[in-house]
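Visitor: Sequence isn't available, so here's the structure alone:
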């Protein structure tokens, strides 16, 4: 499938566990963009990685140590960050938290 429905309810979500203490669901997507909700338990880590997609993330809940290209900052609810294509980045949840990630183009590997 190359896109989600135009309206996606939370009840229809398929949650996956990409890393210990981390769950995520695809909220909506088109080939050009994807929005993903990611829930972290305290001390859970989104391991350092890179990808060709541009990523913008919003801290919906909690407090995170966010590292992008070797620089780390603490972001709290209401904060955001953007990751240019191919930069190494990762996060650590300093308390239970939730990120809303957007990617352009969509992450096809998340759909498999």
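Guide: That came through fine. Remember, predicted model here, so these are calculated numbers, not experimental data.
Visitor: Could you use CA atoms for every contact and neighbour count after this?
Guide: Noted.
Visitor: Cross-check the contact I'm expecting between residue 8 and residue 26.
Guide: No. The pair residue 8 / residue 26 is not scored as a contact, 9.5 Å apart, by Cα atoms under 8 Å.
Visitor: More neighbours: these two, which one.
Guide: Regarding residue 8 and residue 26, a neighbour count based on other Cα atoms under 10 Å identifies residue 26 as having more, with 23 against 13.
Visitor: Make sure the more buried one is actually in contact with residue 13.
Guide: Yes. With contact defined as Cα under 8 Å, residue 26 and residue 13 form a contacting pair (7.1 Å).
Visitor: what helix or strand is residue 102 on?
Guide: Using DSSP states H and E, the secondary-structure element containing residue 102 is strand 97-104.
Visitor: For that strand, give the mean pLDDT please.
Guide: For strand 97-104, mean pLDDT is 98.
Visitor: residues in contact with it?
Guide: Counting by Cα atoms under 8 Å, 6 or more residues apart in numbering, the neighbours of strand 97-104 from elsewhere in the structure are 32-42, 53-64.
Visitor: Type out the ChimeraX command that picks the buried ones from these.
Guide: Typed into ChimeraX, the next command selects the buried ones out of these (criterion: 16 or more other Cα atoms under 10 Å):
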select :33,34,35,36,37,38,39,40,41,42,53,54,55,56,57,58,59,60,61,62,63,64
